[in-house]
Structure formats: C-alpha cells, structure tokens
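S.K.: pasting a predicted model and its sequence here:
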Amino acid sequence: MKTRAWGAAQLLASASLALFLLLPIVALFATLSWADFLGGLRNPLLVPALRLSLLTTTSSLALVVMLGSLLAWRVARNPGRLSRFLEAVSQAPAVIPPAVAGVGLLLAFGRRGLFGSFLDRHGIALAFTTPAVVLAEAFVSAPFFVQAAIAAFRRVDENLLVVARTLGASPFRTFLRVGLPLAAPGLAAGAAMSWARAVGEFGATILFAGNLTGRTQTMPLAVYTAMESDLRAAQALSIILVVTAFALLFVLRRMAPGTQLLGADLRGA
C-alpha cells in the first residue's frame, strides 16, 4: 500500500511540474494563428534583431571558447589554489542576477567606469554599442562553456598526454593535438549551452548596451519592445526563440550518447 501511494505521489508531482513547465510554451503556439504568425514575422523589428543576435552571439561564443578553453585546460590539468580560484571566478556570473551583471559591466566599462574611463581618454566608447552586447553575452554565457570544458578536460587520459610529451610534443602542441580532440564532444556541448544562454540574454544587455534598433536590440529585447505595441509580433519572435531552443536541446541530447561512446572507444584504444 505504501509503495502504491509513493508511486502515485511521484506521478502526481511529476505531472504537475511537467504541466506547469509546458503550459506557457503551448500557450505561445496555441493562441497565435498561422496568419498572425506570418504577420508578426513582417514586423520591422525582426530582421535587424535577428541579424544582430546572430552577429553578437557568434562573436561572444568565439571569445568565450578561445579564452575559456585555455582557462579550463589550466584548471583541469594544474590542480591547486590558483586553479580553484579561477574556477570559482569563472562560475560567478552564473549566480549573479543579469541586471546586477549589467550594472557591474556599466561601472567597469562605461564612460566613467574603472576601465571605461581609460578607454574614453583614448577615444574608445563601449557602453551602448554593439561591442557592449558582445561583452554582456560573453559575461553571462562563459560559465556554461567553462564548466563543461573543465569537466571534458578532466576526463582526458593523463597517460595519453604523457606519451605525447615523451614523443617531443610541446605543452601547447599537446593541448592542441591531444587535449582538444579528445575533449571535443564535451567542448561542443558546452559551446552549444553557452550560445543558447547568449541568445536569451536580456538583463545585462539592456542595462549595459541599451535597446537601440539595429545597434544593440537583440531578439529578446525585440520581444520586449514588441510587447508594448504588437503582441502578435512579440509571440512570433518568441516562437522563433523557442524553436531554436528546442532544436538545440535535441542536438545536445543526440550528442550525449556520442560523447559516452567516444570515451569508451578511447579507453579501449
């Protein structure tokens, strides 16, 4: 009897949470006709926001992957106080509210900020520009890639690295030719999650970069702007973001078994 009650409680809790999470997504699609969706896509906000989002998220991802890979390799292969500190710092943006991140970025890189005042004296302005969008997206999305990269690099067999060094490979060549290929599935999954976080970034962007059409207005900001005048357009933009998120989730779930298989193949080799 107790087992049956426990099973029923699990089923009820699972169904309740799943319904709660699914209902807003279903509402986005169910309350918009196909004609209204097509009409929303013709909103002038869509194309500039989509183009800007693709540009800035690609740029921020490149920045995060390039710098984050080196940081993750340092943390994974050189345990110690410094590595623990670097890992903690890299995860800090994940627990900071996006609005707070935006204020911090403004105080750091704004015209009167800690570093921004130095840039301003040299004629460089970051706040409320397209590069500010890239910085905001990189700040909030970096933890997703770095944590995945650290985990992936820690799974690399140390013996393979030792063999590479024994054969005369430099530390950088060992990282490039051995570490990166072996950790590639984990790095790709982390990059995908980082990109998804950048695509959905709102709070830090609007405070640090503003909401200027064609210059700093990304897709989430376009949804916010469209809500003020055209709910149909806001729904259409939201559906595009939801479909993108589900496509990414599908790709990640397909990648996970491949990652495990690759790890098994390497151990067998």
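M.R.: Nice, thanks for sending it over.
S.K.: which ones are touching residue 226?
M.R.: 40, 43, 45, 233-234, 237 (Cβ atoms under 8 Å, 6 or more residues apart in numbering). Placement of C-beta: from N, CA and C, glycine included.
S.K.: go again with 7 Å.
M.R.: 43, 45, 233-234, 237 (Cβ atoms under 7 Å, 6 or more residues apart in numbering).
S.K.: residue 43 now?
M.R.: Counting by Cβ under 7 Å, 6+ apart, residue 43 has contacts 226, 230, 233.
S.K.: ok, 10 Å please
M.R.: Contact analysis of residue 43 by Cβ atoms under 10 Å, 6 or more residues apart in numbering lists 49, 222, 225-226, 229-230, 232-234, 236-237.
S.K.: grab the most central residue of the chain for me.
M.R.: Nearest to the mean C-alpha position of the chain, counting by Cα atoms, centre = their mean, stands residue 194 at 2.1 Å.
S.K.: show me which of the contacts of residue 226 are buried.
M.R.: 43, 45, 233-234, 237 (16 or more other Cβ atoms under 10 Å).
S.K.: quick one: which of those residues is nearest to residue 106?
M.R.: residue 45 (24.3 Å; Cβ to Cβ).
S.K.: distance of the spatially closest residue to that closest one that is not a sequence neighbour from residue 167?
M.R.: Excluding the flanking residues, the one nearest residue 45 by Cβ to Cβ, 6 or more residues apart in numbering is residue 222, at 4.4 Å. Between residue 222 and residue 167 the computed distance is 53 Å (Cβ to Cβ, to the nearest Å).
S.K.: go on, residue 197?
M.R.: In terms of Cβ to Cβ, residue 197 sits 39 Å off from residue 167.
S.K.: so which of the two has more stuff around it?
M.R.: residue 197 (22 against 9; other Cβ atoms under 10 Å).
S.K.: just the pLDDT for the more buried one.
M.R.: Listed pLDDT for residue 197 reads 93.
S.K.: that one and residue 237, how far apart?
M.R.: 18 Å.
S.K.: repeat for residue 41
M.R.: 9 Å.
S.K.: returning to that earlier point: state the pair within the contacts of residue 43 that is farthest apart.
M.R.: 49 and 232 (15.7 Å).
S.K.: who's more crowded, those two?
M.R.: residue 49 (24 against 20).
S.K.: mind listing what the more buried one touches?
M.R.: Applying Cβ under 10 Å, 6+ apart, the residues near residue 49 are 43, 213-214, 217-223, 225-226, 237, 240.
S.K.: go on, residue 40?
M.R.: 32, 46, 226, 230-240.
S.K.: reformat those as a markdown table; add pLDDT, secondary structure and distance to residue 53.
M.R.: Shown next, in a markdown table, are the contacts of residue 40 (pLDDT from 0 to 100; DSSP: H, G, I helix; E, B strand; the rest coil; distance: Cβ to Cβ, whole Å):
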| residue | pLDDT | secondary structure | distance to residue 53 |
| --- | --- | --- | --- |
| 32 | 89 | coil | 21 |
| 46 | 90 | helix | 11 |
| 226 | 92 | helix | 14 |
| 230 | 84 | coil | 19 |
| 231 | 88 | helix | 21 |
| 232 | 88 | helix | 20 |
| 233 | 88 | helix | 16 |
| 234 | 92 | helix | 15 |
| 235 | 92 | helix | 17 |
| 236 | 91 | helix | 15 |
| 237 | 91 | helix | 10 |
| 238 | 93 | helix | 13 |
| 239 | 93 | helix | 15 |
| 240 | 92 | helix | 10 |
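S.K.: alright, calling it a day.
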